[in-house]
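[1] Got a predicted structure plus its sequence, pasted below:
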Protein chains: 2
Amino acid sequence: MFYAVGLGLCDEKDITIRGLEAVKRSTRVYLEAYTSILMVSKEKLEEFYGRPVILADREMVELQSDEILRDADKEDVSFLVVGDPFGATTHTDLLLRARALGIQTRVIHNASIMNAVGACGLQLYNFGQAVSLVFFTETWKPDSFYDHIRENADLGMHTLVLLDIKVKEQSEENLIRGRKIYEPPRYMSIPTAVSQLLDVEATRKQGVLAPDSTLAIALSRVGSQTDGEQRIVCGTLRELAVQESSIFGEPLHSLVIVGRRLHPLEVEFAEVFAVNKDNLRNVARTVYGCTLD
Amino acid sequence: MFYAVGLGLCDEKDITIRGLEAVKRSTRVYLEAYTSILMVSKEKLEEFYGRPVILADREMVELQSDEILRDADKEDVSFLVVGDPFGATTHTDLLLRARALGIQTRVIHNASIMNAVGACGLQLYNFGQAVSLVFFTETWKPDSFYDHIRENADLGMHTLVLLDIKVKEQSEENLIRGRKIYEPPRYMSIPTAVSQLLDVEATRKQGVLAPDSTLAIALSRVGSQTDGEQRIVCGTLRELAVQESSIFGEPLHSLVIVGRRLHPLEVEFAEVFAVNKDNLRNVARTVYGCTLD
């Protein structure tokens, strides 16, 4: 059996009982380590599972899927994914490949940011499509996310913005020269994300993202149970842009652009996370049309 | 500490290690039992947790929140929710109430249908807002979901349709007479859901839901590891409407209305679930514009 096991969001204890049982039964255990990150080391996982863990980078998953699936028709193999196994297209590919080889598969679900974003207090059914924001470079500033945020905003819906991570990336020079030297991992911070969003707004000028009247909620390490690890910070885009990076906590970060379907109860829930509670209430009232006490 | 603990989707083994630890530490354990259902009995949960479990119906959660939160500032109390704790507004209320009473809270996330719907092979970032479909009665056929499906469809996005469940409901007569006699639980089936959708289309006539050219995917018991329990069935609305109820498996059911942003890889993944593979490919090609081999 080939198990795709979601690990949830934080550490070794976010796996489900069912997931842990599958891992303990498996002869080989892979950890997908490039679309997201856990907040614990591979060694910690190995100790907890009582099993060696093989790190699977993008190259291995995309080019050596048959090795990952080897003998999974005869024994149990687990492929661990941070969050839920259906978070990234690559994992669907692996399941399709297994199916083609006649290998039985089971998916063990877990929380992912796609549903745990509810921790910010906004109702999940008021979210439209999620978007990804990649690190801009001098020459590459892809901005199709802007159209998707606009589509959501036009309907009054919230948008979950997933921030880029760069793990095991090569510099352009090393790539050209074929040198397998990797850059240190980079995780997009909230100030960088907000600054990129406002840059695109300045170019596109459709009024989707207004510095002083668009509310946003920054999340980091959702679900972490260590005191002070999970951070949720709410404010206008300008308020978030000028905060010290440290108030947003450690990566991974996500950002929610708040849509017009903002409910007074959601504002009440978000108040405790506000950079400036009075301004939050003021914008919710005057821009979003919320009736507050 | 007041813990809101997600139980995941199926049975006692879908709780996370962290969740189980919180439950075992708690002096009182409540199970929210009206917005969703688990596939195991309360007794099975009690045996697994080694703790008595108090069923919390809507009345208790909405009217007796202070009893649920009692002493949670001094001892640990767990409130268990099928799926993720942020799936229903009521639980946000409970957390706000705890905050007002100065009680510390922790949320332990888990999979919910909002992310586990990825099991059907459609990419989560192509989903728009989710909608709920309630049982129609002679006199009450609320159809605002139709506008939301249209909003998603106009953008090419998929829609997750959550089907009604009626747990511990009173008949109109018993309600009027104040008799606490409850009807047996009812769970909306896929044929009922599709028939209600097509009824509303017949009235509203905006071409959002076409019997022969709108694709949909029915899901039941997502994440269940018992052989044959999880069911995923894909077809046009008409194909789904005429199937025997039994092919859709046991409740709970959900339905996905497939949007135009359908990717050939998603079709490939869905083929194995198709009522009629040739027709699925044909509709995907001619209506959805998918380029297939």
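    Here it is on my side, so go on.

[2] Quick check: phi and psi on the residue in the stretch 151-293 of chain A positioned nearest to chain B?
    Chain B sits closest to A:Gly223 of the stretch 151-293 of chain A, with a gap of 4.7 Å, by Cβ to the nearest Cβ. C-beta: built from backbone N, CA, C; applies to glycine. Phi and psi for A:Gly223, reported as degrees, to the nearest 10, are phi 90, psi -10.

[3] pLDDT value on it, please?
    Predicted confidence (pLDDT) for A:Gly223: 86.

[4] Helices of the stretch 51-200 of chain A, residue ranges please.
    Ranges of helices in the stretch 51-200 of chain A, per DSSP state H, counting those that start in this stretch, are A:58-63, A:65-69, A:89-100, A:113-116, A:144-154, A:172-176, A:190-204.

[5] Quick check: which ranges of the stretch 151-293 of chain A have low pLDDT?
    Within the stretch 151-293 of chain A, no stretch has pLDDT under 70.

[6] Recalculate using a threshold of 90.
    Residue ranges of the stretch 151-293 of chain A with pLDDT under 90: A:165-185, A:223-229, A:245, A:250-252, A:293.

[7] near chain B, which residues of it?
    Within the stretch 151-293 of chain A, the positions adjacent to chain B are A:Glu151, A:Leu155, A:Met157, A:Val222, A:Gly223, A:Gln225, A:Leu265, A:Glu268, A:Phe269, A:Val272 by Cβ under 8 Å from any Cβ of the partner chain.

[8] Tell me, how many residues neighbour the closest residue to the last one other than its chain neighbours?
    What sits nearest to A:Val272 in space, not counting adjacent residues and going by Cβ to Cβ, 6 or more residues apart in numbering or on different chains, is B:Arg99, at 6.9 Å. Per other Cβ atoms under 10 Å in any protein chain shown, the neighbour tally for B:Arg99 reads 16.

[9] is it true that B:Arg99 touches B:Asp73?
    No. Counting by Cβ atoms under 8 Å, B:Arg99 sits too far from B:Asp73 to count as a contact (11.7 Å).

[10] just to revisit the earlier point, and the residue nearest to A:Val272, how far is that from A:Ser112?
    26 Å (Cβ to Cβ, to the nearest Å).

[11] need the contact list for the residue of the stretch 151-293 of chain A closest to chain B.
    A:Gly8, A:Leu9, A:Cys10, A:Asp14, A:Ala111, A:Ala116, A:Ala119, A:Gln230, B:Val107, B:Ile108, B:His109 (Cβ atoms under 8 Å, 6 or more residues apart in numbering or on different chains).

[12] Surely the fifth one and A:Leu7 touch.
    It refers to A:Ala111. No. Using Cβ under 8 Å, A:Ala111 makes no contact with A:Leu7, being 9.5 Å away.

[13] Need the overlap of contacts for those two.
    Contacts common to A:Ala111 and A:Leu7, judged by Cβ under 8 Å, 6+ apart, are A:Asp14, A:Gly83.

[14] Please say which of those two ends up with more neighbours.
    A:Ala111 (35 against 30).

[15] any idea what sits nearest that one, other than its immediate chain neighbours?
    B:His109 is the one closest to A:Ala111 (Cβ to Cβ, 6+ apart), at 3.6 Å.

[16] which ones are touching the one you found?
    B:His109 neighbours (Cβ under 8 Å, 6+ apart): A:Gly8, A:Leu9, A:Asp14, A:Ala111, A:Asn115, A:Ala116, A:Ala119, A:Val222, A:Gly223, B:Gly6, B:Asp84, B:Pro85.

[17] if you set the cut-off to 6 Å instead, what comes out?
    Each residue near B:His109 by Cβ atoms under 6 Å, 6 or more residues apart in numbering or on different chains is listed here: A:Ala111, A:Ala116, A:Gly223, B:Gly6, B:Asp84.

[18] Run a quick neighbour tally on the residue lying closest to A:Lys277 once chain neighbours are set aside.
    Once flanking residues are discounted, A:Lys277 sits nearest to A:Glu271: 5.3 Å by Cβ to Cβ, 6+ apart. With neighbours defined by other Cβ under 10 Å, the count for A:Glu271 comes to 18.

[19] sec struct for A:Cys234, please.
    Look at A:Cys234: counting by DSSP: H, G, I helix; E, B strand; the rest coil, its state is strand.
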